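Participant: sequence and predicted structure below; questions after.
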2 protein chains.
Amino acid sequence: MSKLRVDLQAASRMIAGAQRILFFMHVQPDGDSIGSTLGMIRALRQMGKEAIMVGADPIPPVFHFLPGWDEYCVPWQEVEGEWDLSCFLDCGDLERVGPALPAVRRGRTTLNVDHHATNTAFAEYNYLDFSAAAVGELAYRILREIGAPIDAGTALCLYTSLVTDTGGFRYDSTGPGTHRVAADLIELGARPYDVAQAVFETESLSRLALLSRALQTLQLDETGRVAWMVVTRKLLAEAGATDHDVEGVVNYARSVAGVEVGILFKETEDGGVRVNLRSRRTVDVGAIAQRFGGGGHARAAGCTLNVPMEDAVAQVMAAVKVVL
Amino acid sequence: MSKLRVDLQAASRMIAGAQRILFFMHVQPDGDSIGSTLGMIRALRQMGKEAIMVGADPIPPVFHFLPGWDEYCVPWQEVEGEWDLSCFLDCGDLERVGPALPAVRRGRTTLNVDHHATNTAFAEYNYLDFSAAAVGELAYRILREIGAPIDAGTALCLYTSLVTDTGGFRYDSTGPGTHRVAADLIELGARPYDVAQAVFETESLSRLALLSRALQTLQLDETGRVAWMVVTRKLLAEAGATDHDVEGVVNYARSVAGVEVGILFKETEDGGVRVNLRSRRTVDVGAIAQRFGGGGHARAAGCTLNVPMEDAVAQVMAAVKVVL
């Protein structure tokens, strides 16, 4: 299989020339995967094309405000017949398609549209732009290029992709291009407040109960540059919370004024400790996580230690102190 | 005093034609007042003009990452001599200048640059654009119009004005123009991550302690559409928190999935109750607050009741239920 890098125009011609297109989401799909795919499908359907989204995992409830999330989705096992194109949005490599992989072969050719610098250019044709903060930007460019209609629903989907993959235009990946596409999408009908309410300002009671209890465990080291929280199974049970509710709570540790590294230690079901690390500016927490067999980026990383909580805290804190 | 509405070009000519300019911040200055003023002064000084900022209140520490916050500020009592222009940014009326009012007369003429629809056009010349989400947008347009240099420091100040007055591009006031200016400012050197960290992701320990305790008081009414928290003086003392730390905590009540109205009841120092109300989409909490002698907007309002906590909760909840 030849692996060609193609530009916007060539990728757009492939989409324009196809009548039946399969779009693949990645496993555990996020706002960029879902928003860019839904937006693309909605616009292409309005052009008279046949397009469906295929993914191994369901769309999380937080994205059920997006039009088409239920209608466009087809379980990969039910994809039949021959399709003109299998298109991947926001998939860094083919493994990201997960169990849905067998359905990829239903497409006569493959097109990979992505912004991850680590993308393996795994498809026959690959439109990659590492400067884009979200694939929604690339999907928007393609739709513009082929003259697709972009109604308020499509704008909402694409705008959601931008918002979620930039943490609300907060990450440094947010470039001028991101904002200019956001401007266009608002003109086309996307409502910033609606998206922010749905995506950032909707919490479960169990998550708030967990947050309250986790904050009670907040501690600072003697330098004031490291803050950490400890979430035990007992604490989770008392809050009526699940492991899922813990996501993002580590950011509260990092948010303390003067703190460079925020850490959340969570007891796992089998008695180990999952460690989430966040840094503000200078410390490479990815490197720290790697020392414990984990991984991630400079500003966000994680690892799992199969030791009691006390030992996990001591070991990770020691490693952080060496770096500070 | 004639009160003229002027357009961008006329306002820009006034700024360009003045050599010595006084800029007035409003009392309790926010990110828009501070960011737009600092950005304007920095650029004008780089053009060789003399420009200072005058305000009745100090710049809050959260904005001390902005260049010039200490250097450009002059106490209003120390403003001397004759200035070409007294310029107001983000002041809806002249009263917003507060105690600094006497210094206004130091300017030979006055220019009012604002985006509030309620602006009273109080100056001799008034450049008002109600479609702008932040005065930073208008300041940017003026600087571009007069060909002022906009370096990374100026871009940072103006970008901060946009970010703070739109809640991070989340309010519906965020228009296409806001995003297009943000795009330009990032190209000119503003760093989204730095601003977000400073403005949105820096908390005091006392505030987090308060948040933890306030969340413990979170309750939902039987419909699940109203959520409220109760912050007593005892709770504040236990958290080591001040009244200032309570700001924004009410948003956690509104954030509960399914909730339309979030309320925070805070016992005041004199034994009354300050009530903060937020709504998500349909309820006009401004009207509810008005019934108790308070005020605000449809989505955010407040009032004070001089009754014991229990009665305040009962009265406000009854009023909310009527509306729901």
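Facilitator: Okay, I see it.
Participant: any idea how far stretch A:214-230 is from the chain center?
Facilitator: Distance of stretch A:214-230 from the chain centroid (CA atoms, centre = their mean, to the nearest Å) equals 27 Å.
Participant: mean confidence for that stretch?
Facilitator: Confidence over stretch A:214-230 (mean pLDDT, whole number) is 97.
Participant: from one end of that stretch to the other, what's the distance?
Facilitator: Taking CA to CA, to the nearest Å, stretch A:214-230 runs 7 Å from one end to the other.
Participant: and chain B, is that stretch touching that?
Facilitator: Yes: using CB under 8 Å from any CB of the partner chain, we find that stretch A:214-230 touches chain B at A:215-216, A:218, A:220. C-beta: built from backbone N, CA, C; applies to glycine.
Participant: quick one: buried ones out of the residues you listed?
Facilitator: Among the residues of stretch A:214-230 next to chain B, the ones that count as buried by 16 or more other CB atoms under 10 Å in any protein chain shown are A:215, A:218.
Participant: let's see which of the residues of stretch A:214-230 next to chain B end up in helices.
Facilitator: Among the residues of stretch A:214-230 next to chain B, DSSP state H puts A:215-216 in helices.
Participant: ok, so of the residues of stretch A:214-230 next to chain B, who is nearest chain B?
Facilitator: Taking CB to the nearest CB as the measure, chain B sits nearest to A:Leu215 out of these, at 3.6 Å.
Participant: is that closest one in contact with A:Tyr252, as I believe?
Facilitator: Yes: counting by CB atoms under 8 Å, A:Tyr252 is a contact partner of A:Leu215 at 6.4 Å.
Participant: shared neighbours, the two?
Facilitator: A:229, B:208 (CB atoms under 8 Å, 6 or more residues apart in numbering or on different chains).
Participant: quick check: the nearest residue to A:Cys303 once chain neighbours are set aside vs chain B, distance?
Facilitator: Nearest non-adjacent residue to A:Cys303, counting by CB to CB, 6 or more residues apart in numbering or on different chains: A:Gly294, 2.5 Å away. From A:Gly294 across to chain B, the span is 23 Å (CB to the nearest CB, to the nearest Å).
Participant: correct me if wrong: A:Gly294 contacts A:Ala312.
Facilitator: No: in this structure A:Gly294 lies outside contact range of A:Ala312 using CB under 8 Å: 11.9 Å.
Participant: the two: which is more packed in?
Facilitator: Here A:Gly294 and A:Ala312 are compared on neighbour count by other CB atoms under 10 Å in any protein chain shown; more neighbours surround A:Ala312, at 23 against 19.
Participant: which phi and psi values does the more buried one adopt?
Facilitator: phi -60, psi -50 (degrees, to the nearest 10).
Participant: follow-up on the earlier one: redo the residues of stretch A:214-230 next to chain B as CSV? Include distance to A:Gly262.
Facilitator: Converted to CSV, these look like this (distance: CB to CB, whole Å):
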residue, distance to A:Gly262
A:Leu215, 12
A:Gln216, 16
A:Leu218, 9
A:Leu220, 10
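Participant: residue contacts, the closest residue to A:Ala139 other than its chain neighbours?
Facilitator: Computed as CB to CB, 6+ apart, the closest residue to A:Ala139 that is not its neighbour in sequence is A:Ser36, at 4.3 Å. The neighbourhood of A:Ser36, defined by CB under 8 Å, 6+ apart, consists of A:89-90, A:134-136, A:138-139, A:157-158, A:161.
Participant: enumerate the residues of the stretch 51-200 of chain A near chain B.
Facilitator: A:166-172, A:174-180, A:182-184, A:186-187, A:191-193, A:196-197, A:200.
Participant: hmm, 10 Å instead?
Facilitator: Counting by CB under 10 Å from any CB of the partner chain, the residues of the stretch 51-200 of chain A lying close to chain B are A:61-62, A:133, A:162-163, A:166-188, A:191-197, A:199-200.
Participant: what of the stretch 201-324 of chain A?
Facilitator: Checking the stretch 201-324 of chain A against chain B by CB under 10 Å from any CB, the hits are A:201-205, A:207-218, A:220, A:224, A:227, A:251-259, A:262, A:278, A:280-281, A:299.
Participant: quick one: the helices in the stretch 101-250 of chain A, in order.
Facilitator: Using DSSP state H, counting those that start in this stretch, the helices of the stretch 101-250 of chain A run over A:101-104, A:135-145, A:152-165, A:176-187, A:192-199, A:205-216, A:233-239, A:250-254.
Participant: how far off centre is the first one?
Facilitator: When distances are taken as CA atoms, centre = their mean, helix A:101-104 is centred 22 Å away from the chain's centroid.
Participant: now do that helix: everything it contacts.
Facilitator: Defining contact as CB atoms under 10 Å, 6 or more residues apart in numbering or on different chains, one finds that helix A:101-104 is touched by A:22, A:24, A:54-56, A:74-80, A:83, A:86-88, A:94-95, A:97, A:110, A:123.
Participant: now those residues: which count as buried?
Facilitator: A:22, A:24, A:54-56, A:76, A:79, A:83, A:86-88, A:94, A:97, A:110, A:123.
Participant: closest one to chain B out of these, please.
Facilitator: When those are compared against chain B (criterion: CB to the nearest CB), the nearest one is A:Gly55, at 23.8 Å.
Participant: quick one, what contacts the closest residue to the closest one other than its chain neighbours?
Facilitator: In space, and not counting its chain neighbours, A:Gly55 is closest to A:Met25: 3.5 Å by CB to CB, 6+ apart. Going by CB under 10 Å, 6+ apart, A:Met25 touches A:32-34, A:36-38, A:53-57, A:59, A:73, A:88-91, A:96-98, A:100.
Participant: determine the number of other residues adjacent to the residue lying closest to A:Gly81 once chain neighbours are set aside.
Facilitator: Counting by CB to CB, 6+ apart, A:Gly81 lies nearest to A:Arg106, which is 7.0 Å off, once chain neighbours are set aside. Counted with other CB under 10 Å, the neighbours of A:Arg106 add up to 17.
Participant: and A:Phe23, by the same measure?
Facilitator: For A:Phe23, using other CB under 10 Å, the count is 26.
Participant: same thing with A:Tyr72?
Facilitator: 20.
Participant: what sits against it?
Facilitator: A:Tyr72 touches A:23, A:37-38, A:40-42, A:45, A:51-54, A:59, A:66, counting by CB under 10 Å, 6+ apart.
Participant: buried members of the residues you listed into ChimeraX, please.
Facilitator: Buried members of the contacts of A:Tyr72, defined by 16+ other CB under 10 Å, are picked up in ChimeraX with:
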select /A:23,37,38,40,41,42,45,51,52,53,54,59,66
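Participant: show me the contacts of A:Tyr72 that map onto strands.
Facilitator: A:23, A:51-54 (DSSP state E).
Participant: out of these, flag the one nearest to chain B.
Facilitator: A:Met53 (25.0 Å).
Participant: okay, and the beta partners of that closest one?
Facilitator: Here A:Met53 shows beta-bridge partners A:Phe23, A:Cys73, assigned using DSSP bridges.
Participant: can you pull the contacts of it?
Facilitator: By CB under 10 Å, 6+ apart, the neighbours of A:Met53 are A:21-25, A:29, A:33-34, A:37-38, A:40-41, A:59, A:68-69, A:71-74, A:87, A:89.
Participant: same check on A:Tyr171?
Facilitator: Contacts of A:Tyr171 by CB under 10 Å, 6+ apart are A:133, A:165, A:178, A:299, B:192-193, B:196.
Participant: and the residues you listed, which two are the farthest apart?
Facilitator: A:Thr178 and A:Arg299 (18.2 Å; CB to CB).
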